[in-house]
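*Asks:* Have a look; sequence and predicted model below, questions after that.
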Amino acid sequence: MSKPKYTIAVTGLNAIDSPGPGMAVIRSLKDAQSFDVRIIGLSYETLEPGIYMHEYVDKTYQVPYPSAGQEVLFERFKYINAVEDVDFLFPNFDAELFNYISLEKRLWDELGIKMSLPTQEQFEARHKVNLFDYGKEHGIKVPFAKMIFNTTEIPAIASELGFPLVIKGKFYDALIAHTPDQAMQHFNKISAEWGLPVLVQEFVHGAEVNVCGVGDSKGETIGAVPMRKLFITDKGKAWAGVSLDDKKLLDITRDLVQKTKWNGPFELEFMKTNEDEYYLIEINPRFPAWCYLAVGAGQNQIEALVNLTMGTKVIPFKDYEVGKMFIRYSQDMIVDMKEFEQISTLGEL
Amino acid sequence: MKIRKNIAVSDSGFIFNPLTGDSFSVNPIGQSIINSFQERKSDKEILDDILQEYRIDKNTVEKDLNDFIRMLENYKLID
């Protein structure tokens, strides 16, 4: 039987030291056994490495920044779709998800583009600023956190929680503060970069463990692979990691997916204490940049998600290889100025 | 003492804890102590084995063996 061929658009081509998940998602799609794929890259900046990685990305189009709004984005997709006839779209940035969730129905109804995203309610409920209440509702431990708009609020929180504290941006970035001065510095740095509010979170001692997985919107976990970071960059990103045999963590994950009827990909970030307690510190409603480890460990969750959304029967993964490692690397690509010129002037390459 | 379930120990003395992702390397004596734990030998039996194999006084072996066991406990490699 011949395999279907899908045209799949992917954002997050910024394969830099703090990488977007796009290239890992694309690699996983290229590894898919059940379908062939043509990859359409969607870029924001002209120097995103994925634009020039033609062995992975067949064609790239620039798309407007999320701040440009949904109408501008939709118009751009009308153009891209007229040329490419896109079947499926993978948004990979937290900051762009709100727009894509809002456009999900229109993209399908008017352009025939499918996505697999959490609902607007699921997206908002798991937001960093709501996570503490989310944990309470679903019976999962979450470190206490409060959002603040001004540094004058820091002393009161510090006297309640003590130091260290974790200062977090609303979309990205987290810094640990050991003193009031440090907390204020971190607040200023993060608010300048990511805006307000800034989140101040109780610090939990332990090891960070993460889970990459997919929920089917009916309460079933299609796949889940836990990982511990073995090497972390100065930005806190994993440069190496290993798949774990952690039944308790998988049980917590399946329980959460079941209770929330999670739809689509997710990354759960936990702190595991020395007493083997798990504190949920973040839910990312997308695949993480390390999702290719799940593929390497035997779960091509990215392929499974496409099949699930395109209506092909998917059998949930039961197993994966424990002790499989990923080690990230970087290399310099040599690129013709002509290509840079083309993406810069025409917005496509 | 019992080496925790699922802990993998290779012939080269490389230990991988699949629950935590931690990995360690031990020298041949460390490896033989871990093998002895896997064979369910007691601390005393292990002590006697080392005394028989190496020319060393009992006090030193006792102290080093205890230190090693504390380390294994600390890294959650034994129950």
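*Replies:* On my side now, so go ahead.

*Asks:* if you look at whichever strand or helix holds A:Lys259, does any of it touch chain B?
*Replies:* Element membership for A:Lys259 (DSSP states H and E) is helix A:247-260. No: residues of helix A:247-260 are not located near chain B by C-beta under 8 Å from any C-beta of the partner chain, the shortest gap being 8.7 Å. All C-beta spots, glycine's among them, are computed from the backbone N, C-alpha and C.

*Asks:* So for that helix, what gets flagged as buried?
*Replies:* Residues A:249-250, A:252-254, A:256-257, A:260 are the ones in helix A:247-260 that count as buried (16 or more other C-beta atoms under 10 Å in any protein chain shown).

*Asks:* so can I have TSV of these showing distance to B:Asp22 and pLDDT?
*Replies:* Output for the buried residues of helix A:247-260, formatted as TSV (distance: C-beta to C-beta, whole Å; pLDDT from 0 to 100):
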residue	distance to B:Asp22	pLDDT
A:Leu249	15	96
A:Leu250	19	97
A:Ile252	21	96
A:Thr253	21	97
A:Arg254	25	97
A:Leu256	26	94
A:Val257	28	95
A:Thr260	31	92
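
*Asks:* contacts for stretch A:48-62?
*Replies:* For stretch A:48-62, the external contacting residues (C-beta atoms under 8 Å, 6 or more residues apart in numbering or on different chains) are A:10, A:12-16, A:20, A:22-23, A:26-27, A:30, A:38-44, A:46, A:76, A:80, A:84, A:333, A:335, A:339, A:343, A:347-349.

*Asks:* Show me which of these are buried.
*Replies:* Buried positions within the contacts of stretch A:48-62, assessed by neighbour count (16+ other C-beta under 10 Å), are A:10, A:12-15, A:20, A:22-23, A:26-27, A:38-44, A:46, A:76, A:80, A:84, A:343, A:347-349.

*Asks:* Mark which of the residues you listed are part of helices, please.
*Replies:* Judged by DSSP state H, the subset of those located in helices is A:22-23, A:26-27, A:76, A:80, A:84, A:343.

*Asks:* picking that back up, which of the contacts of stretch A:48-62 fall in strands?
*Replies:* Using DSSP state E, the members of these that fall in strands are A:10, A:38-43.

*Asks:* Closest to chain B out of the buried residues of helix A:247-260?
*Replies:* Set against chain B, the nearest of the buried residues of helix A:247-260 by C-beta to the nearest C-beta is A:Leu249 (9.2 Å).

*Asks:* which parts of chain A sit against chain B?
*Replies:* Those residues of chain A that sit near chain B, judged by C-beta under 8 Å from any C-beta, are A:207, A:209, A:227-228, A:230, A:241-242, A:244-246, A:322-323.

*Asks:* Report the angle between whichever helix or strand comes after the helix holding A:Lys259 and helix A:247-260.
*Replies:* Once the chain leaves helix A:247-260, the next helix or strand it forms, by DSSP H and E, is strand A:263-272. What separates the directions of strand A:263-272 and helix A:247-260 is an angle of 140 degrees, with axes from the mean of the first three to the mean of the last three C-alpha atoms, to 10 degrees.

*Asks:* Tell me the helix or strand right after strand A:263-272.
*Replies:* With elements assigned by DSSP H and E, the helix or strand that comes after strand A:263-272 is strand A:278-284.

*Asks:* Briefly note if the helix ranked longest in chain B comes near chain A.
*Replies:* Looking across chain B with DSSP H, the single longest helix is helix B:58-74. No: under the criterion of C-beta under 8 Å from any C-beta, chain A is not reached by helix B:58-74; the shortest gap measures 10.3 Å.

*Asks:* quick one: that helix to chain centroid distance?
*Replies:* Per C-alpha atoms, centre = their mean, to the nearest Å, the displacement of helix B:58-74 from the mean C-alpha position of its chain is 9 Å.

*Asks:* now swap in stretch A:19-30 and tell me
*Replies:* The offset between the C-alpha centroid of stretch A:19-30 and the centroid of the whole chain comes to 11 Å, using C-alpha atoms, centre = their mean.

*Asks:* and A:Tyr279, what are its bridge partners?
*Replies:* The bridge-partner assignment for A:Tyr279, based on DSSP bridges, gives A:Met271.

*Asks:* What is the burial count for it?
*Replies:* Neighbour count of A:Tyr279, defined by other C-beta atoms under 10 Å in any protein chain shown: 18.

*Asks:* now swap in B:Arg70 and tell me
*Replies:* Residues near B:Arg70, counting by other C-beta under 10 Å, number 10.

*Asks:* where's it relative to chain A, distance?
*Replies:* 15 Å (C-beta to the nearest C-beta, to the nearest Å).

*Asks:* swap in B:Val9?
*Replies:* B:Val9 sits at a distance of 13 Å from chain A (criterion: C-beta to the nearest C-beta).
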